[in-house]
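Enquirer: return atomic coordinates for the entry below.
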Amino acid sequence: MHSYDEPVYLISVVAKVLNIHPQTLRQYEREGLIEPSRTQGRMRLYSQRDIDRIKLILRLTRDLGVNLAGVDIIMQLKEKIDAMQKEIDSLREELEKAHSHATIPSHRAMVAKNNYEIIIFEEEE
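Expert: The predicted structure follows:
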């Protein structure tokens, strides 16, 4: 069994499985929507992750009528949301550990800094 990110599928196989023309996959690559791996002979190889991404692109374009520029923006936002969700999960896990040990690691402790100056006005006599 191959891992989710292992590039193993040729362009012809992916095109056949997804019922699209290989040129469509090349266009998605030119648009920067997908980035398949390459063999030393420069043949494209797709992973299951690539195939799932292509399925999402097809759903956005075919079912929802989004153009490729819109797909690009949606994919970038999705990646940012995924990264933020990972960070939130990590912080929650760290917070739970801190609650269970009643301490926060020093590298994660919040230090509040006030960036202001105190201006003292003197009253005129």
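
Enquirer: quick one, strands of this protein?
Expert: Remark: strands assigned in the chain by DSSP state E are 9-10, 37-38, 44-46.

Enquirer: will you turn those strands into CSV that also has mean pLDDT, distance to Leu68 and mean neighbour count?
Expert: Backbone N, C-alpha and C define where each C-beta goes, glycine included. Shown next, in CSV, are those (pLDDT from 0 to 100; distance: least, Cβ to Cβ, whole Å; neighbours: other Cβ atoms under 10 Å):
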stretch, mean pLDDT, distance to Leu68, mean neighbour count
strand 9-10, 96, 22, 18
strand 37-38, 96, 22, 12
strand 44-46, 97, 18, 21
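
Enquirer: who wins for proximity to Thr24 among those?
Expert: strand 44-46 (12.8 Å; Cβ to Cβ).

Enquirer: the closest one pairs with which strands, parallel or anti?
Expert: strand 9-10 (antiparallel), strand 37-38 (antiparallel) (DSSP bridges).

Enquirer: out of the ones you listed, which gets nearest to Gln48?
Expert: Of all the strands paired with strand 44-46, strand 9-10 comes closest under Cβ to Cβ, at 8.0 Å.

Enquirer: hang on, the earlier thing: nearest to Ile81, of the strands paired with strand 44-46?
Expert: When the strands paired with strand 44-46 are compared by Cβ to Cβ, strand 37-38 sits nearest Ile81, at 25.0 Å.

Enquirer: check the offset of the worst-scoring helix or strand of the chain on mean pLDDT from the chain's centre.
Expert: Using mean pLDDT, DSSP states H and E, helix 68-101 stands out as the lowest-scoring helix or strand of the chain, at a mean of 92. Here helix 68-101 is found 9 Å from its chain centre; the criterion is Cα atoms, centre = their mean, to the nearest Å.
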